Each structure stands twice: as C-alpha cells, then as structure tokens.
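Asks: sequence and predicted model, in that order:
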Amino acid sequence: MMYQAHPPQFSDSVKAFFGRKTVLSRLILINLLVFLLGYIVHLGMWLFKLETADGIRLFTEWIAVPSSLARLLQKPWTPFTYMFLHENFFHLLFNMVTLYFGSTIFLKYFNDRQLLLTYLIGGLLGAAFYILAFNFFPVFLEANPFALALGASASALAVVIAAAVFAPQYTVDLMFIGQVRMKYIALFFILMDIFSIQGNNPGGHIAHLGGAVWGAIYALSLRKGFNHFRGLQRVKGSRIRKRRKQESTAKSYGGRPVNDDEYNRQRNERQQEVDRILDKISKHGYDSLSEQEKAILFSHSRK
C-alpha cells in the first residue's frame, strides 16, 4: 500500500506557529486579540451611537498614547498599551509581517527574552520620541492637545534594525528583487520614515525612528561584547550574577580548581572568539560561519 505525502496546509502551519508559544507568537497573538477586541467594542459603540463628541472612539482613547502631557498623566499606561493597538486590518497586517520578518533573523543571534526587550523598549522609545516632538516643535503644537499614536511599528522596526546592525551583511531573498543585505533594508526603512515626516502621519514616522534608535543601540551594545540591559532580561539577574561570582573560584577545568585570574582569562578568550565571529559575520555574512562558530554564537547570546 502506498501513501502520498501532502504538503502541510496553511492552517496547520498557523496552528503549529501559535502552538509553540514563543515570544514572537505571543506578541503577534496579543496584537490580534487586541485588534479583535477593539473591533467588537467599536462595532457595539457604532450600533448604539456611543462614539465620543470629537469622533475618537472610546477604546482607542484609552489605549492609544496621547502627545499631550496633561492627558498622558491621566493615562500613564498608554506608552505600553499603544504598541498593541492598530487602526485597521492592513495596519495590523503590515506591522505583524514586519515583526515576523525581523524576528526570524533576530532570533538567529538572540533569544526570546532579548526579542521581548527589544519590542517593548523599542515601543517605549518610539512613544517618547513622538511625545517629545509634539511638545517641542511648533508645527505640532496645534495638534498636540488631541493627537494620538497607536501601532506596533516602532517595536517592529526596533527588531528589524537590531538584526540589521548586528548582522549587516545577512542577506534575504525578496520577491521580485532578489538577494538584499539587511543593512540596505534597514536603510530603506529609515529613509522612508525620514522623508515621510511631512506627510499625513508625522507622529507615527517620528515614533518609528525612536524604535530604530533603540534597536541600533541595543545591537551595538551586544556586538561590543557587553549588555547594559541584562538586568531587564532576567528577573533574578542579581541572584544569578552572585551565584556566578561564587562559582568563579569553584569551577574546575581539567580536574583542577580555577582562581579568579584564570577564570577571567578564560572568559576574555571566549569573548575574543565571539568578537572574531561577529567580525566574520560583518564581512562575509551569517552563512559563512561553520557549525561550531554558529554554536558558539548561539550559546553566547543566551548567557
């Protein structure tokens, strides 16, 4: 008896993706659920004619981040919540595709905690850029009292830029274009936002640049072999560091105890090896690495 293998259906791939319960799948799921919740609330308000006098829907009013400092003080949670809210389906779709694209490359070098940190802080810095711009530049002062920002664009761009800064020579195959290096994709996104500030959505494009700044800063800190933000990634970070310090005199290599000087020397050698691998990626791309080098980089990114 012969059996014919069938390619997995799209629905099966979607179920498998969300079934893995990774940070990426959960971020996308949260965005989807918030969008559906917002749609249901907005539909109910429309049916019962409950929209606010200025035309801004109540759900958006309480989730989107305002540029007005007075309104921000009344709703201090909005710099966190706005990055999960979207204006319409196509706004959501574009941001989730961008997030997925950037994350698949990002996770080749970093772990889930670092992805979550990049998403959240990228969104927060995007909100900060937006609020500062609308309270500083005279051109925005007239709109400042009622302006709102929403969407995951700053967070998604932070992930893309972090991946591009960390591995600028990494190449991706784009439909109708061919192979393009990440550094050029990042440059395209940034230039598009800069040249779009004078358009219909200046606050959004300014927020995108805030996310890009965070992605670049975070990736550069990791490329240089140190992570100022490790405490944000691990709730028990101080306890872990304390344990490592205690273990530094107890670890043994080759059956003999290792003192602090020997431990530091070995740690520096490992860091030099990681730096060499990063330089190789920068010059020749990720695919040029051997399996051993990929394993070393993978292990280092999860420390």
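Replies: In hand now; what should we look at?

Asks: so how far is V172 from the closest residue to V159 other than its chain neighbours?
Replies: Nearest non-adjacent residue to V159, counting by CB to CB, 6 or more residues apart in numbering: G102, 3.9 Å away. Using the backbone N, CA and C atoms, a C-beta is placed for each residue, glycine as well. Plainly put, G102 is 10 Å away from V172 if you go by CB to CB, to the nearest Å.

Asks: please say which of these two ends up with more neighbours.
Replies: Set G102 next to V172 and count neighbours by other CB atoms under 10 Å: G102 wins out with 29 against 15.

Asks: what's the burial count for N31?
Replies: 22.

Asks: is it within a helix or a strand, and which one?
Replies: Taking DSSP states H and E as the criterion, N31 maps to helix 23-47.

Asks: how about the nearest residue to R57 once chain neighbours are set aside, what does it touch?
Replies: In this structure, R57 finds its nearest non-sequential neighbour in H42, 5.2 Å apart by CB to CB, 6+ apart. H42 is in contact with 57, 59-60, counting by CB atoms under 8 Å, 6 or more residues apart in numbering.

Asks: flag the least confident of those.
Replies: Least confident by pLDDT among the contacts of H42: that is R57, with 70.

Asks: what's the helix or strand following the helix holding N31 packed up against?
Replies: Sequence-wise, the next helix or strand downstream of helix 23-47 (DSSP H and E) is helix 58-63. For helix 58-63, the packing partners by 3 or more CB pairs under 8 Å, 6 or more residues apart in numbering; DSSP states H and E come out as helix 23-47, helix 78-81.

Asks: need the winner for burial among those helices.
Replies: Using mean count of other CB atoms under 10 Å, the stretch among the helices and strands packed on helix 58-63 with the largest mean neighbour count is helix 78-81, at a mean of 18.

Asks: now that one, how far from the centre of its chain.
Replies: In terms of CA atoms, centre = their mean, to the nearest Å, the centre of helix 78-81 is found 15 Å from the chain centre.

Asks: do the same with stretch 23-35
Replies: On the basis of CA atoms, centre = their mean, stretch 23-35 is displaced by 13 Å from the centre of the chain it belongs to.

Asks: pLDDT on that stretch, on average?
Replies: When pLDDT is averaged along stretch 23-35, the result is 95.

Asks: now swap in stretch 128-145 and tell me
Replies: 93.

Asks: same thing with stretch 104-114?
Replies: 92.

Asks: buried stuff in that stretch?
Replies: 105-111, 114 (16 or more other CB atoms under 10 Å).
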